[in-house]
Each structure stands twice: as structure tokens, then as C-alpha cells.
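Q: prediction below, plus the sequence it came from.
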Amino acid sequence: VLRVGVTGGSPADGLDPHHPPTYPDQARVSNLYEPLFGRDAAYNIEPVLAESIEPSEQGRVWTLKLRQGVSFHNGKPLDVDDVVFTLKRIVDQPGTGAAALAIVDMAGLRKIDARTLRIPLNQPYALFQDDLAQYYMAIVPVGFTPARPVGTGPFRFGSFEPGRTSSFPRYDHYWRTDQPYVDELVIVDYASDDDNVQALLGGDVDAIANLPPAQIPDVKAAGGTVLISESGAWNPFTMRVDRPPFNDVRVRQAFRLIVDRDAMVTQVLAGQGRVANDLYAPFDPAYYAELPQRTQDLAKAKTLLRQAGHPNLRVELTTSAGIGPGTVAAAKLFATQAKGAGVDIQVTTVDSGRFYAGKDYLNWVFAQDYWYTRNYLPQVAQGSVPDAPFNECHWADPTFINLVKQARGELNATKRTQLLKAAQKVEYDNGGYIIWGFKNQVDAYSTRVTGFVPDRNLPLSSFQFRTVSFV
């Protein structure tokens, strides 16, 4: 039995593959279900349930071919009807993937045969495969409900206690016939990073996601193994651009100049990361690395705040340990740095259930959050346009929206890059994110297990526990 500890769970936990907002949710759905395409450890797209996908009509129509020999946990063979059902389910419920699939002409989906589906789009989109390769785009059988969690993954449903423990026995008819290597997967939710680490050190679990970098020496001293992966993951400060004081771009610019990015990486991440420049998607070929690197400038921040009419600004920063390791420490460090610009930041820490549940989530005026590695357009679809499911900054810039729309339909890679860089410049100048660093993904496991590898995507080898075995 492979036991994995993950922080951030709550009674609001679920098993819906199309809406997994927390780390424990993502760990569960990554093993119960599978998408058409996925990402390898280097963040390259690879086929999973799909065998291939080919564009025609200049990217307006895509022909999908399914892999043979795949069955769901209830024994039903995977076919095109399941894909159609899944796509419609994602679009019909507000959530993670609906915005990305809004481009699909659902009424025009055409089943060619049991393994072949023609997917028409409302406009050309050269990067459609990228959207299908997200972990929240898993394929489910016709008639699926989360109350009966049936997928094609290496582990099938066993038991589920929200906010506590869930178990998943090995699926003996998994299409990768030699996997998984263990008989059962148990995922344990922990309320804090300390509890998670102590569970590993005490032998209660075999691996943990999101080891706080400061505790790397403790794990190594106890004989554990630390897994470090360079990633594009980021923990931003989020400013609501439609609410005072952040509806004034000068305040947003000032806050970006307050943060000491080097100190954040050194102190919060214990050096396990690198400085960022208020832009995401660092592995995207169109990443705008040439923009001037922002550094702390308290004098200029004071000037901007004074011009905005806020020479002695006081704001509340809402955070939670459930967002991820170092989040609360980053909030407190930022509050200390802000004093140098005459800004009084009150840090309010709430539990994960309060932060992510109910009407407050995505409506905090000034808060923090976490995002995993994504390329630019898929990330925009998740958080930076008005219909995005997680538009926490309430960002709705018309120029930005128009540039993104043009880029999505541009098939020429050079022209698309130019459009994407222009969009990034708009966010760099006016956006609501403070992206101070990209963190290394730091996880840990005991010497009893093997099979984890550095991965640019999700924690613990993208939660692909099918490859893990006991020594």
C-alpha cells in the first residue's frame, strides 16, 4: 500500500475530475482518471487516451483518434461517445476546463467511428491540443457522476473521506499492462505542512508533496530522499483591479515595486527557485523574457502611492497555509517590505476550507494563490480573461482580450509570438498579479519507495503514482 501525504484538503474535497482546485483533489483525480493527452517530465505533450489528433481547414477542424484497448473501471470500453459526453459535461458546468472548450462547436461534433471523432472549432486554434493536455480534462464514461467515480486511471475508487483519507485499489485491467506497481494507493490530507512532514518522518506515509524548503535538511538527516524539480509554478499576490485601492494602476505598479524578489526567493523558498517578472508561463516559446526585470524601488513606490492619493495606505492581505508551503511566510515578508514604502499590510490567515470554499474565494481584494506550470494561452484561459474560471484579479482589459483572441486564431508561429508578447506587455504594465518568483517543486519520499523523477508539472512526478514501487 503506497501512502502519500498532501496538505490543503478540507471537507469541501471532491472527486470531480473537471474541478480539482486543491492539491489533494489533484492527486486523486490524476490517478482515477486520464486525459486524451498529457505532459511528460520535461513538459512536452504526449498521447494518453488519444492515439493522435490532426488539424485541417487551417486549424478549424481537428480529427481525434482514440487509443485501442482502453477500458473504464466498470469494464466499459473507451469510445468516442465517452469523449463527446465528457466535452459536453465540461462545457455545461462552470469550472476549470469550460473556458478552454468554449471554442468547440459542440453541435458539430461528428463521430466517424468508435475510435474517431471530428471536432470543429468556432475559429482556428493552432494550440488546441495543449488545452486537451491539461490534468482537469480527463475523459469519463457516458452517464458519469462524481458519486460514481469511474475512470480509466491506474487506480480505481475504494473509499473517500473528504478532508481526511481516500483509498484506491489497483486497477487490474489498466491499459498500461505492467502498471501500477503497488496494490493500493492511499492519499492522506494533512492540515499543515508540519503535520505532513512529521507523517513522513514518523513512517505514517511513504511520500509527501510540497516539502517546505526549510525542512530539506530535516528530511535528509532522517534518511529520506528529497525530490527537486525546476518548474514554472508560481504563488502570486493577487490584486483585484476592480476594487479600491487596486483599481488605480499606480497602486498596482507601486506594489510590484515594493516586493524584494531576491529576498523572497532566498528567505521564502530557501533558494529553491528563481526570480520572476510579473509574468507566467516561463517555458512557453513566446515568454517575454526581454522585458526589463522589476526590482525593489521603494522611493518610486512611495511616489506612485502619493500620486494615487494613498500616501499612508492600509490594506488587508488574506492568505492560507493551504495555498502551499511558504505562502504565509511570503505574506509576512511582503508586509515587512511594504513598511519601507509607508504601507501597512495586515496579514489575515484563514484555513484552507475558508479560503477556497464559498463566495469569498476569487473575491478577496488582496490575497495569494498558487498555479502550476502551464503555457501562456492555457493559463490565460484559466485566470486572465473575464470568462476564466479563476479570474481572481477580475482582469478584463479590452486590449489584452483582443490580443489573446487574435493569438488563439493565428496559425503562423512567428506572428502568434508577436501577439502573445504584446499581450504580456499589457499584463506587465497593468495587470493584477505580483509574480515574484518561480518555485522549484520540492517533494520528499522514504527510502522504501522508488520511481519518482523530477517533473516540471505537478508535485511528486505529476502525481503519477502508477510508476512508483517499493524497493
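A: Right, received. Where do you want to start? Fair warning: this is a prediction, and the values are worked out from it, not measured in the lab.
Q: what about the strands in the stretch 1-150 of the chain?
A: 2-7, 37-39, 45-47, 50-56, 61-66, 110-113, 116-120 (DSSP state E, counting those that start in this stretch).
Q: redo the ones you listed as a markdown table? Include mean neighbour count and distance to Gln424.
A: The way it works is simple: take the backbone N, C-alpha and C, and place the C-beta from them, glycine included. Below are the strands of the stretch 1-150 of the chain laid out as a markdown table (neighbours: other Cβ atoms under 10 Å; distance: least, Cβ to Cβ, whole Å):
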| stretch | mean neighbour count | distance to Gln424 |
| --- | --- | --- |
| strand 2-7 | 25 | 32 |
| strand 37-39 | 22 | 22 |
| strand 45-47 | 15 | 22 |
| strand 50-56 | 15 | 25 |
| strand 61-66 | 19 | 27 |
| strand 110-113 | 12 | 36 |
| strand 116-120 | 19 | 29 |
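Q: adding mean pLDDT, write these out as a markdown table.
A: Shown next, in a markdown table, are these (pLDDT from 0 to 100):
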| stretch | mean pLDDT |
| --- | --- |
| strand 2-7 | 97 |
| strand 37-39 | 96 |
| strand 45-47 | 97 |
| strand 50-56 | 95 |
| strand 61-66 | 98 |
| strand 110-113 | 98 |
| strand 116-120 | 98 |
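Q: the ones you listed: which one's closest to Leu317?
A: Closest to Leu317 of the strands of the stretch 1-150 of the chain, according to Cβ to Cβ: strand 2-7, at 20.3 Å.
Q: which other residues reach that closest one?
A: The contact list for strand 2-7 (Cβ atoms under 8 Å, 6 or more residues apart in numbering) reads 23-24, 27, 182, 184-193, 195-196, 199-200, 204-210, 321-322, 324-325, 449, 459-460, 465, 468, 470.
Q: tell me which of the residues you listed fall in strands.
A: Judged by DSSP state E, strands contain the following of these: 184-190, 207-208, 449, 470.
Q: that older thread, can I get the buried part of the contacts of strand 2-7 as one PyMOL selection?
A: In PyMOL, a selection of the buried entries from these looks like this (16 or more other Cβ atoms under 10 Å):
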select buried, resi 23+24+27+182+185+186+187+188+189+190+191+193+196+199+200+205+206+207+208+209+210+321+322+324+325+449+459+460+465+468
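Q: now the helices for the stretch 201-350 of the chain?
A: 216-221, 249-258, 261-263, 298-307, 327-338 (DSSP state H, counting those that start in this stretch).
Q: which one of those lies closest to Ser52?
A: Closest approach to Ser52 among the helices of the stretch 201-350 of the chain (Cβ to Cβ): helix 327-338, 40.2 Å.
Q: what comes up buried for that closest one?
A: Buried-residue list, helix 327-338, by 16+ other Cβ under 10 Å: 327-335, 337-338.
Q: quick check: the residue lying closest to Gly95 once chain neighbours are set aside vs Trp234, distance?
A: Excluding its sequence neighbours, the residue lying closest to Gly95 (Cβ to Cβ, 6 or more residues apart in numbering) is His19, at 4.2 Å. For His19, the distance to Trp234 equals 21 Å [Cβ to Cβ, to the nearest Å].
Q: again with Lys220
A: 26 Å.
Q: more crowded one of these two?
A: Trp234 (24 against 12; other Cβ atoms under 10 Å).
Q: the more buried one and Ala321, how far apart?
A: Trp234 is 18 Å from Ala321, by Cβ to Cβ.
Q: do the same with Gln424
A: Counting by Cβ to Cβ - Gln424 and Ala321 are separated by 31 Å.
Q: for the stretch 1-150 of the chain, which segments count as helices?
A: 23-32, 80-92, 98-101, 128-132.
Q: out of those, deepest packed?
A: helix 23-32 (a mean of 26; mean count of other Cβ atoms under 10 Å).
Q: got the CA positions of that one in PDB?
A: C-alpha atoms of helix 23-32 as PDB (Å, rounded to 0.1, in the frame of the first residue of the first chain):
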ATOM      1  CA  TYR A  23      -3.600  19.600  -4.000                       C
ATOM      2  CA  PRO A  24      -5.400  16.500  -2.600                       C
ATOM      3  CA  ASP A  25      -8.100  16.800  -5.300                       C
ATOM      4  CA  GLN A  26      -5.400  16.900  -8.000                       C
ATOM      5  CA  ALA A  27      -3.600  13.900  -6.500                       C
ATOM      6  CA  ARG A  28      -6.800  11.900  -6.500                       C
ATOM      7  CA  VAL A  29      -8.100  12.800 -10.000                       C
ATOM      8  CA  SER A  30      -4.600  12.200 -11.500                       C
ATOM      9  CA  ASN A  31      -4.800   8.600 -10.500                       C
ATOM     10  CA  LEU A  32      -8.500   7.800 -11.000                       C
END
